[in-house]
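Enquirer: My questions are about this predicted structure, shown below with the sequence.
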Amino acid sequence: MTPRTFESERRVRFGHCDPAGIVFFPQYLVMLNELVEDWFDQGLGIPYAAFIGERRLGLPTVRLECDFTAVSRLGDLLTQRLSVQRAGRSSLALSIEVLGAGELRLRAAQVLVCTSLQTHRSQPLPEDVRAALVPYVAQS
């Protein structure tokens, strides 16, 4: 079975750009975090705001590798694709691509770790999250 990929689109806005009119690279990192939030809400069916606020759990990035392969400009429509490379006891290894007009603009490998917002220590992924991840994880 082929693992599912979560996909969303976003328009490059003025606030994403530097004076040259292209996406300022730290704004891509904000977009990556928003993509994870959208994936939880829309792909996994688990409200991210409740995950953080009510459940007091976090998903900080502990590893991030990015390749910026082409510029994105104000007004471009970007397609973001997220897939899960590995789901561990408390961590998720994600693969993310951002494309504009079919051209790869960014490729990222990101590792998130589930943490308690009380202790700031890692903890196992909750069972509902683990169950919702199943269609997105590549089977070995």
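Expert: Nice, thanks for sending it over.
Enquirer: C-terminal to the longest helix along the chain, which secondary structure element comes first?
Expert: With DSSP state H setting the assignment, residue counts place helix 25-38 as the longest helix in the chain. Next helix or strand after helix 25-38 toward the C-terminus (DSSP states H and E): helix 48-53.
Enquirer: any chance you could map the strands in the chain?
Expert: 6-11, 57-58, 61-68, 77-87, 91-100, 103-113, 115-116 (DSSP state E).
Enquirer: Next, the angle strand 103-113 makes with the longest helix of the chain.
Expert: Put simply, helix 25-38 runs at 60 degrees to strand 103-113, going by axes from the mean of the first three to the mean of the last three CA atoms, to 10 degrees.
Enquirer: mean confidence for helix 25-38?
Expert: For helix 25-38, mean pLDDT is 97.
Enquirer: what's near enough to touch the most centrally placed residue in the chain?
Expert: Nearest to the mean C-alpha position of the chain, counting by CA atoms, centre = their mean, stands residue 36 at 3.4 Å. The contact partners of residue 36, by CB atoms under 8 Å, 6 or more residues apart in numbering, come to 48, 59, 82, 94, 112. Just so you know, the C-beta spots here come from the backbone N, C-alpha and C atoms, and that holds for glycine as well.
Enquirer: ok, now with 10 Å
Expert: Residue 36 makes contact with 6, 43, 48, 59, 61, 82, 92, 94, 96, 110, 112 under the criterion CB atoms under 10 Å, 6 or more residues apart in numbering.
Enquirer: ok, now residue 76?
Expert: Neighbour list for residue 76: 10-12, 16-17, 22-23, 100-101, 103, 105 [criterion: CB under 10 Å, 6+ apart].
Enquirer: low-scoring pLDDT stretches of this structure, where are they?
Expert: Confidence mapping of the chain against pLDDT under 70 gives the ranges 1, 139-140.
Enquirer: Now with 50, please.
Expert: For the chain, applying pLDDT under 50 flags no range at all.
Enquirer: returning to what we had before: closest one to residue 71 out of the contacts of residue 36, please.
Expert: Lowest distance from residue 71 to those (CB to CB) belongs to residue 96, with 17.6 Å.
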